[in-house]
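Participant: Provided below are the primary sequence and the corresponding predicted coordinates.
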Amino acid sequence: FGSEGLLGAAVAVSMIRELGPVLAALMVTARAGSAMTAEIGIMRITEQIDALDTMAVNPLQYLIAPKLIAGLIGVPLLVAIFDVVGIYGGHVVGVELLGVNAGTYWNSIESAVEWKDVYGGILKSISFGLIISWVCCYKGFFTKMSAEGLGNATTEAVVLSSVLILVWDYFLTALLFNL
């Protein structure tokens, strides 16, 4: 249809604005978020958190703060890798399989991607990292004192984080890109 020249722009803008931040955050939620919830939850069940309190160690500073910081740093880095791999993947498909000119692919990216797209993707990834860490740590910290309670808390953490990521993405996209 003569739209091969727009392939790079479509891939890059969709990866940077939406697919990179959202899909990477959902993967982090499923893998790391569930692990955070389970780790903190099992510490609650085995009374390790109570032991920290007894030793005058603030469990929020000792357990939760590092995970929040890791989410704020780790998710944006993963999103950056995700974006680069996705754009290069689009290049491989477009240039190698579909026969699009490589220069056309990269020039369309350069002309279509704006700094607000990059800043928006970074802001989304930072906020998603905070959401994942916060929800999963909260659910683990306040889990019920049983194996069933821990399983439910882990499931709730993953589901709630995923829903909040999608809802927050909707509002951030409306705020950042429709002004």
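Facilitator: Noted; the coordinates are in hand.
Participant: List the buried residues for the helix ranked longest in the chain?
Facilitator: Looking across the chain with DSSP state H, the single longest helix is helix 147-177. Neighbour counts over helix 147-177 (16 or more other CB atoms under 10 Å) mark 150, 153-154, 156-158, 160-162, 164-165, 168-169, 172-173, 176 as buried. For the C-beta atoms, the positions are set from N, CA and C on the backbone; glycine is no exception.
Participant: Looking at the residues you listed, which is nearest Glu114?
Facilitator: Of all those, Glu114 sits closest to Leu176, with 11.2 Å by CB to CB.
Participant: Next up, the contacts around the nearest residue to that closest one once chain neighbours are set aside.
Facilitator: Leaving aside its sequence neighbours, Leu176 sits nearest to Gly120 (CB to CB, 6 or more residues apart in numbering; 4.2 Å). The contact partners of Gly120, taken as CB atoms under 8 Å, 6 or more residues apart in numbering, are Ile16, Arg17, Leu172, Thr173, Leu176, Phe177.
Participant: Quick check: closest non-adjacent residue to the residue nearest the centre of the chain.
Facilitator: In the chain, the residue lying closest to the centroid (CA atoms, centre = their mean) is Ala25, at 1.9 Å. In space, and not counting its chain neighbours, Ala25 is closest to Phe128: 3.7 Å by CB to CB, 6+ apart.
Participant: And for Lys139?
Facilitator: Closest to Lys139 by CB to CB, 6+ apart is Ala157, at 3.8 Å.
Participant: what's the spacing between the one you found and Thr104?
Facilitator: 45 Å (CB to CB, to the nearest Å).
Participant: if I look at Tyr170, how far off is Leu26?
Facilitator: 14 Å.
Participant: picking that back up, CSV for the contacts of Gly120, including distance to Ser111 and pLDDT?
Facilitator: Formatted as CSV, these follow (distance: CB to CB, whole Å; pLDDT from 0 to 100):
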residue, distance to Ser111, pLDDT
Ile16, 14, 97
Arg17, 16, 96
Leu172, 24, 97
Thr173, 21, 96
Leu176, 20, 92
Phe177, 17, 87
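Participant: all helices for this protein, in order.
Facilitator: Using DSSP H, helices in the chain cover 7-14, 20-28, 34-45, 48-54, 59, 65-91, 102-112, 115-141, 147-177.
Participant: Low-confidence ranges, this protein, go.
Facilitator: For the chain, applying pLDDT under 70 flags the ranges 1-2, 179.
Participant: any residues touching stretch 98-111, and which ones?
Facilitator: Contacts of stretch 98-111 (CB under 8 Å, 6+ apart): 4-9, 11-12, 87, 90-91, 94-95.
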